[in-house]
Each structure stands twice: as C-alpha cells, then as structure tokens.
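[1] Prediction below, plus the sequence it came from.
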Amino acid sequence: MKFTLEPLGDNSIIIELGDDISREIQQKVKKVSSFFEECSLDWIIETVPGFTTVAVFYDPLKIETTTLPYETVCEELTRLLEGLSVDQDGEPRIVEIPVCYGGEFGPDLEEVAEHNGIIPEEVIDIHSNGEYIVYMIGFAPGFPYIGGMSEKIAAPRRKNPRLKIPAGSVGIAGKQTGVYPIETPGGWQLIGRTPRKLFLPDGDTPSLLQAGDQIKFVPISQEEFLKMKEDEK
Amino acid sequence: MITIAKPGLLTSVQDLGRYGYQKFGVITSGVMDPVAHRVANLLVGNDEKEATLELTLLGPDMEFSEDTLISICGGNLSPTIDGKSVKLWRSVWVKAGSRLRFGGCKTGCRAYLAVAGGFEVPEVMNSKSTYIRAGIGGFNGKALQNEDELEIGTPSELSANISKILADQIEDKKFAEMQWTISSEFTVSSASKPDVRVMKGRQYDWFTTDSQMKLFTEPFEVTSQSDRMGYRLKGPELSLEEEQEMLSEAVSFGTIQVPSEGNPIVLLADRQTTGGYPKIGQIATVDLSIMAQLKPGDTVQFVEVSHKVAQQLYLDREKKIHQLKQGISLKIRK
C-alpha cells in the first residue's frame, strides 16, 4: 500500500493514501482506519478518516523509545502499513435512509426542480435511485459526506441560509447531498426529511452511518414518516 | 451540593475531552486551558481528568451547601467568598453556607473551579464534558443556568487529608487557604503580547513566502468572533500562492487554518473534527493554555518551533506536571 506520513501536530500523524476522491482510495482509508482502531495498541488514542487521509492521534507518553516518540510512531506505522494488503473485496454495508420528500419537510424541492428544468417527481426519482457512498463523517456528529449524487439535481446553496434546519433534513448543496443529524443553521436546499436518527449519543456507536457505507434513499409517505418517527423513540 | 445563583457569561462542566468518537463527527469538547484544569484538580486531591467548571470572563455566583474543598486556577476573574478575595492556584476550604462570587476579569479569560470529589454528572461517551450544540454531556447538556444544583462526588483520601489541614486553620472564618501555592511556570502569564510557539502546518508550503514570513513576524489580534470553537484572528492577510482544492481531513486542538479571505482561525476545544481550509500552522500543545487565555482584543506573537522540539517540550511539561502531582501528595503526607 502506498502512503506518506506527516505530522499534524505534536501528538498526531496524518497518513496520506492518495490525492483524489475515489472509491478505491476510500476503501484504503477505511481499511487503514479500521485496522488501527482494531489493533488495540495502547498508544493510539483514535483515528479520524478524511477523504484521502487517516489521522492517528497518539499519546507520546505511552511510547517506549530512546529517541523521540514521533520517530518510533513513524517506524511502527510504516511497519504495520507495509504489512497491510490492499484487498478490494469486502462488500460495503448498505444502509437504507427513508425520506419523505417535498411538502413541509422539503420546502426547496420545487426550487431544485426548477433550477434543473425538471419536475419535482423527477428530482425524487433521481435522488432516490442514486448510488451513494459515505466518504467520511464530520462537520457535525453523524453527518455523512456523501459522494455519488447525479449532477442533474445539483443546485446552489440558498442565498439566505436558514437559522434552523431540523434534524433529519435531507438537502442538496452544489453537487453534494447530505442529511442533518442535529438541528443546525445552514444554506442547503431542503428536499425532504428522514425519520431515522443519524446521531445516537446513547448507542454503542454514536453514528448511524460510517465511512464506507453505501446509502439508499427510500421514498416514504408522510404517514410512514410519522409512524417511523414514533418507532424511533 | 453547589447551587448556581448567577450563571455568568458561559459556565460549563468540562473535563479533558471526549476522545475516541471523532470518526463519528463527535467533537472532543473539553477544557480550553488543560494546564489550569489539571492543576486545579491536583490541588483538591482529584485525578487530573476529573471534571471542573470552566468559567468565562464573567464568572458565576454560587452557594455551597456543605463544607467543600475547592481550588480556582487559570484566569483571574476576581473570586471572593462573602466579600473577601480568594487566592488562585491554591487549595481552599470553604464552609457550608458560603457564597462564592466572581467579579471582573483581571488576567486571562477563563478560570477553572475544581471541587474535591468532582462533579457528579453522568458520563456520555466516557466524558463529562458539555457539548452544548448537541445538548449532551455536562449538566443536562447545557451551560449552567440559575438554580442549577450540582452534586459533588466522594473525595479521595488525599482530598480528605488536604481538607483536614485547612479545617484546622479555619477558626471562625468562612474559608481557609493553603499557605503554599505552585510554581509560577504553570500560572497564567499577564504578558501583553505573549509568544505562542507554532509548527508549520500541513499546507504551509501552499502559502506565499510573504505570508509564511508574516505568520512568524507580525502580531495577530483576537477578534470578537472568537469562542470555544475557535478564535478568528486579525493581522496581515495570509494568501495562497495559487488556488488549490483542499480535501477535508482531520484537524487538531490548535490548528491554524486560513479561509480564502485570508484571516486565520485557530481551532480550539469545540472545533469540528475535520476541516477543509489549508492549515498554515499548528500551535505546540504546551502553548495551548496561553492561547486559550487570550480574550478578544488581545494580541499574540507566533514563534516558529520545529515539530520535534514541540514534542520534546510536551514531554518535559508532562514530567513537570507529574512532579507537581508527587510534590503535592508528599507535602500533604508530612
């Protein structure tokens, strides 16, 4: 596996695995981050995947060394990374995200349609038939950076950002689509809402989605939305 | 128990942060000034990781319903107990029924109040830190409000011994302070333009040579758009040699990133887990406390340090804190 190592700070290192956004690099990122999460080395505090990188936060006090901990960490990471094979197998986990499109949950659906010269039903059709990959989680707890949206439904951000976007909102900003796990301000065009919780602070893993997951948006009616919302409680 | 009579500007329960969940987008939160927090805990016989109250600029008023061993470290927000001023960086024994108040901010920006036994709030994802935006951790996931009642945990044996020494000196006063304090190397500097050591960031080479030079030669001012998430600085404009696409990746406590308008942002305790702006620098861990104690209007001088030296400084500092810890328990045992 090809990689470079560079310090992020005096207790963190960034492993760089490529320089563009692609499925192949995403799989390497996932492989490397889960490897270091699972290898239970006591000096590793945590890993944070990016689009093409994995940051390793470490505790310099837990490293036995006669030189600087950083040097030993680089040697150790290099040794472990060189032993990792780049197998491309491993089917991604598929997570279904039910979405109630339009209406009060998707106040910008028509604008997105108009912007692209299509009707709202086509936006729903294209959005719910895409193949999506979660590249990384960031920005907010459980917030997925999703790749794979069709440019046929791309739309610029709103000129006046909303002060409050409800949790579960599904939006479009430029060529990206995303789901808001918690209420935040933001300028995304909102096309629908999911009843599923993306941020689960009391769960074993606090995020419904993880880097590498495949997402399927499934259209649901308002009644189904309300029923699922009830079940989520 | 402690009852909040006035919440102050921003008072919240924080510990050393919530680690292990950044890959899920969960920010670390935690104290802004880790040194003041750790020392405050050590002075009351707590584990240094125990939660403290972080007070900002305008501190709260609070009442103690039981005899309590406390210490206040960090910025000087003019603490008084029943009208008498209380010294910082010391163990202080407070009688039940006393009222602790804070006045104006004399030095620094944030103070840490530790109580022996710590604050009894539930841990969320292994941390007591308040994550205000997500409404989790700390006391009900929020900054403290009027009439909040904070329960105190069971003090350690060391805490009990410190309390005993002070209780013997209290006579009819409302509180008693320890005779000794800690070395000034841990306390908050009152320098008007402190030096803060900075390593080159991962995208340092992307910036013009002029910007690279100015980062380390010109002062930067902390603007009013500064909070626990980050400080927006004002100074010479920092610009890229050429526009480059930056893919979001992890950031760290003290990362200095530069959005396209050219004013740097220093990422602090409530920073997002990842960032998409070029990183021109990274503050050395040992100097994070200096940065966190600056308030809007203050200026800072960045000084270049190599990554290796920064790590060595970190190891040296940790050794000193370890010695301080041992020193305190030796002093109490005597």
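    Here it is on my side, so go on.

[2] what secondary structure does B:Ala160 sit in?
    helix (DSSP: H, G, I helix; E, B strand; the rest coil).

[3] who touches it in this structure?
    B:45, B:116 (CB atoms under 8 Å, 6 or more residues apart in numbering or on different chains). (C-beta placed from N, C-alpha, C; glycine too.)

[4] B:Ala167 too?
    Contacts for B:Ala167 (CB under 8 Å, 6+ apart) come out as B:67, B:93, B:176.

[5] again, 7 Å this time
    B:Trp93 (CB atoms under 7 Å, 6 or more residues apart in numbering or on different chains).

[6] likewise B:Gln293?
    Counting by CB under 7 Å, 6+ apart, B:Gln293 has contacts B:33, B:74-75, B:108-110, B:188.

[7] cool, B:Gly118 as well?
    B:Gly118 touches B:46, B:50-51, B:153, counting by CB under 7 Å, 6+ apart.

[8] Helix, strand or coil: sort out the closest residue to A:Leu17 other than its chain neighbours for me.
    Residue nearest to A:Leu17 in three dimensions, not counting chain neighbours: A:Lys28, with 4.6 Å by CB to CB, 6 or more residues apart in numbering or on different chains. Classification of A:Lys28 using three-state DSSP returns helix.

[9] A:Ile146: what secondary structure?
    Following three-state DSSP, we place A:Ile146 in the strand state.

[10] Helices of chain B, start to end?
    With DSSP state H as the criterion, chain B has helices at B:34-43, B:157-167, B:209-217, B:288-292, B:307-333.

[11] Got the phi and psi for the residue located most distally from the centre of chain A?
    In chain A, A:Thr66 marks the outermost C-alpha relative to the chain mean, sitting 39.3 Å out by CA atoms, centre = their mean. Torsion angles at A:Thr66 (phi, psi; degrees, to the nearest 10) stand at phi -100, psi -10.

[12] and of the contacts of B:Gly118, the nearest to A:Arg158?
    Of all the contacts of B:Gly118, A:Arg158 sits closest to B:Ala51, with 39.6 Å by CB to CB.

[13] top of the contacts of B:Gly118 by neighbour count?
    Highest neighbour count within those, by other CB atoms under 10 Å in any protein chain shown: B:Ala51, with 31 neighbours.

[14] if we can go back for a sec, just say which of the helices of chain B is most tucked in.
    helix B:34-43 (a mean of 26; mean count of other CB atoms under 10 Å in any protein chain shown).

[15] Any regions of chain A where pLDDT drops low?
    A:87-90 (pLDDT under 70).

[16] how about a cut-off of 50?
    Applying pLDDT under 50 to chain A flags no residue at all.

[17] Pick out the residue of the stretch 51-200 of chain B closest to chain A.
    Of all residues in the stretch 51-200 of chain B, the one sitting closest to chain A is B:Ile136 (4.8 Å; CB to the nearest CB).

[18] List the beta-bridge partners for that residue.
    On the basis of DSSP bridges, B:Ile136 is bridged to B:Tyr131.

[19] Does it touch A:Pro201 like I think?
    Yes. Look at B:Ile136 against A:Pro201 with CB atoms under 7 Å: they come within range, at 4.8 Å.

[20] and the most centrally placed residue in chain A, what is it in contact with?
    For chain A, A:Pro144 is the residue whose C-alpha lies nearest the centre (CA atoms, centre = their mean; 2.7 Å). Taking CB under 7 Å, 6+ apart as the criterion, A:Pro144 is in contact with A:134, A:137, A:178-179, A:209.

[21] Throw those into CSV and include distance to chain B and secondary structure, thanks.
    Shown next, in CSV, are these (distance: CB to the nearest CB, whole Å; DSSP: H, G, I helix; E, B strand; the rest coil):
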residue, distance to chain B, secondary structure
A:Val134, 11, strand
A:Ile137, 4, strand
A:Gly178, 12, strand
A:Val179, 12, strand
A:Leu209, 9, coil
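
[22] By neighbours, which of the residues you listed wins?
    Highest neighbour count within the contacts of A:Pro144, by other CB under 10 Å: A:Ile137, with 30 neighbours.

[23] where exactly do the helices run in chain A?
    A:23-38, A:69-82, A:109-116, A:120-128, A:222-232.

[24] So which bits of chain B are right by chain A?
    B:19-26, B:124-125, B:134, B:136, B:199, B:202, B:247-250, B:252, B:254, B:272-274, B:282, B:284-285, B:307-308, B:310-312, B:314-315, B:318 (CB under 7 Å from any CB of the partner chain).

[25] What subset of those is buried?
    Among the residues of chain B next to chain A, those scoring as buried are B:19-26, B:124-125, B:134, B:136, B:199, B:202, B:247-250, B:252, B:254, B:272-274, B:282, B:284-285, B:307, B:310-312, B:314 (criterion: 16 or more other CB atoms under 10 Å in any protein chain shown).

[26] Out of these, which sit inside strands?
    B:199, B:249-250, B:274, B:282 (DSSP state E).

[27] isn't B:Lys6 right up against B:Pro60?
    Yes. Here B:Lys6 reaches B:Pro60: they are 5.5 Å apart, a contact under CB under 7 Å.

[28] Of the two, give the one with the bigger neighbour count.
    Using other CB under 10 Å as the criterion, B:Lys6 and B:Pro60 rank with B:Pro60 on top: 26 against 15.

[29] Spatially, what comes nearest to that one if we skip its sequence neighbours?
    B:Pro60 sits nearest to B:Gly8 (CB to CB, 6+ apart), 3.7 Å away.

[30] shouldn't the one you found be in contact with B:Glu54?
    No. Assessed by CB under 7 Å, B:Gly8 is found out of contact with B:Glu54, at 10.2 Å.

[31] who has more neighbours, these two?
    Of the pair B:Gly8 and B:Glu54, B:Glu54 is the one with more neighbours under other CB under 10 Å, namely 30 against 22.

[32] OK, contacts around the more buried one?
    B:Glu54 touches B:11-12, B:14, B:31-32, B:110, B:112, counting by CB under 7 Å, 6+ apart.

[33] Output those residues in CSV, with neighbour count and pLDDT appended to each entry.
    Output for those, formatted as CSV (neighbours: other CB atoms under 10 Å in any protein chain shown; pLDDT from 0 to 100):
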residue, neighbour count, pLDDT
B:Thr11, 26, 98
B:Ser12, 26, 98
B:Gln14, 29, 98
B:Val31, 28, 98
B:Met32, 24, 98
B:Arg110, 27, 97
B:Tyr112, 26, 98
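
[34] from these, which ones fall inside strands?
    Short answer: the contacts of B:Glu54 in strands (DSSP E) are B:12, B:14, B:110, B:112.

[35] What is the nearest of the residues you listed to B:Asn146?
    Distance to B:Asn146, by CB to CB, is smallest for B:Ser12 among the ones in strands among the contacts of B:Glu54, at 14.5 Å.

[36] Kindly reformat the helices of chain B as a markdown table containing mean pLDDT.
    Shown next, in a markdown table, are those (pLDDT from 0 to 100):
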| stretch | mean pLDDT |
| --- | --- |
| helix B:34-43 | 97 |
| helix B:157-167 | 95 |
| helix B:209-217 | 98 |
| helix B:288-292 | 96 |
| helix B:307-333 | 95 |
